[in-house]
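Visitor: Mind looking at a prediction? Sequence and model below.
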Amino acid sequence: MALSNRRVVVTQRFFDEAAIAYLEAAGCEVLIADLAPGEADGGLDHDRLAAMLVGAQGWIVGHAKVTRFLLMALPHLAVIARRGVGYERVDLEAATELGRVVTIAAGGNDASVADQAIGMMIALGRRFREAQAQMNAGSWSILMGTDLYRKTVGVIGLGRIGRSVIQRLSGFEAEVLVATSRPDPKYAARTGVRYVDVETLLAQSDYVTLHAPLTPATRHMIDAAAIRRMRPGAFLINTARGGLVSDRDLLAALEAGHLGGAGLDVFESETDPTLQSVTDALIARADVIAAPHAGASTREGLARTNMIAARCVVAVLNGEDPPPACIVADGRKRVGERV
């Protein structure tokens, strides 16, 4: 493949000059998608994506749905690089069968999302949203909050972001309970975390924070039954994926006063528009701190993930391997075996 023919299409906002310069130095032609204000690639349909990606060998993608149909329409596309770590919207089986490489920006946004999770815990416990609303209304009466200091925090999922959250919690002298399918005894000995099952974690935690991938097994892992197991007044934080929580059940629990509040960066309505009214009701509540799936969206975090995605694209176009932690599908060997 001639260097001058390397076309890389970016369908994400906030793709910085350093990442563009890196791609161009590797001989890539970089095309940034023309998105309307407020528009994201997750809302683009097949036809529009296919038109944007004509002739592209590399695609740096956000939350667009990468289907078999789309991949078949793009025979020149060699690498799909997620500027993020989730990949549930990519048909990995199709990508592998069609000889494509799919990567994630492993390690790029851990710190940013972990900071957000901790920030949400503090904001909920200290009732920042409620206090400012009262002050805006002219009342300076003090609302009693609760500390994060020395509380019990349950962390579901022990990946890179979960570990980053745990690292930050050490400064609060929190007792940390962890539910994971892959317990690491050495990590527990080093950090003092305690491995428990999900039921025990829910029953004993003052704060529960989710850092698990969305799979058929984890979908709605926090539903009405799980919420009933949580301590009265506990806080739920979800900066991972909307489908981990039944938002309808969460709303009902908040309305009933069972939970102290929720910090939500992700919502089921992102992939199921029929639940938009549930999302609207959640974000209107004074006991909910909400963000529009922005956990990774800091200047520093995006700069890191942009560069990781760019390096993955260049590696594949050079016939090399991206870092192992970044590869989630690699169909090159499969195609070679068929040949």
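Guide: Sure, I can see it.
Visitor: Tell me the pLDDT of the residue nearest the centre of the chain.
Guide: With distances taken as CA atoms, centre = their mean, the residue of the chain nearest its centroid is Ala240 (4.6 Å). pLDDT, the model's per-residue confidence, is 96 for Ala240.
Visitor: Tell me who's in contact with it.
Guide: Residues in contact with Ala240 (CB atoms under 8 Å, 6 or more residues apart in numbering) are Gly157, Ile161, Leu210, His211, Ala212, Pro213, Leu214, Val266. C-beta coordinates here come from the backbone N, C-alpha and C atoms, glycine included.
Visitor: what ranges do the helices span in this protein?
Guide: According to DSSP state H, the chain carries its helices in the segments 17-25, 46-52, 68-72, 92-97, 110-125, 128-136, 160-169, 185-191, 198-204, 224-229, 247-255, 276-283, 299-317, 332-338.
Visitor: what packs against the fourth one?
Guide: This points to helix 92-97. When contacts are defined as 3 or more CB pairs under 8 Å, 6 or more residues apart in numbering; DSSP states H and E, helix 92-97 packs onto helix 68-72, strand 101-103, strand 327-330.
Visitor: and the ones you listed as CSV, adding mean pLDDT?
Guide: Shown next, in CSV, are those (pLDDT from 0 to 100):
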stretch, mean pLDDT
helix 68-72, 97
strand 101-103, 98
strand 327-330, 96
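Visitor: Quick check: buried residues in stretch 35-53?
Guide: For stretch 35-53, the neighbour count (16 or more other CB atoms under 10 Å) marks Leu35, Ala40, Asp41, Leu44, Leu49, Met52, Leu53 as buried.
Visitor: Please apply the same query to stretch 233-249.
Guide: Residues of stretch 233-249 classed as buried: 234-249 (neighbour count, 16+ other CB under 10 Å).
Visitor: Select from those every entry located in strands.
Guide: With strands taken from DSSP state E, the overlap with these comprises Phe235, Leu236, Ile237, Asn238.
Visitor: Of those, which is the nearest to Val90?
Guide: Closest approach to Val90 among these (CB to CB): Asn238, at 21.4 Å.
Visitor: The nearest residue to the closest one once chain neighbours are set aside: what's it in contact with?
Guide: Taking CB to CB, 6 or more residues apart in numbering, and ignoring the residues beside it in sequence, Asn238 has Leu210 as its nearest neighbour in space, at 4.8 Å. When contacts are counted by CB under 8 Å, 6+ apart, Leu210 is found next to Ile156, Gly157, Ile222, Leu236, Ile237, Asn238, Thr239, Ala240, Leu244, Val245.
Visitor: Please apply the same query to Leu201.
Guide: Listed by CB under 8 Å, 6+ apart, the contact set of Leu201 reads Gly154, Ile156, Leu177, Val178, Ala179, Val208.
Visitor: Understood, closing this out.
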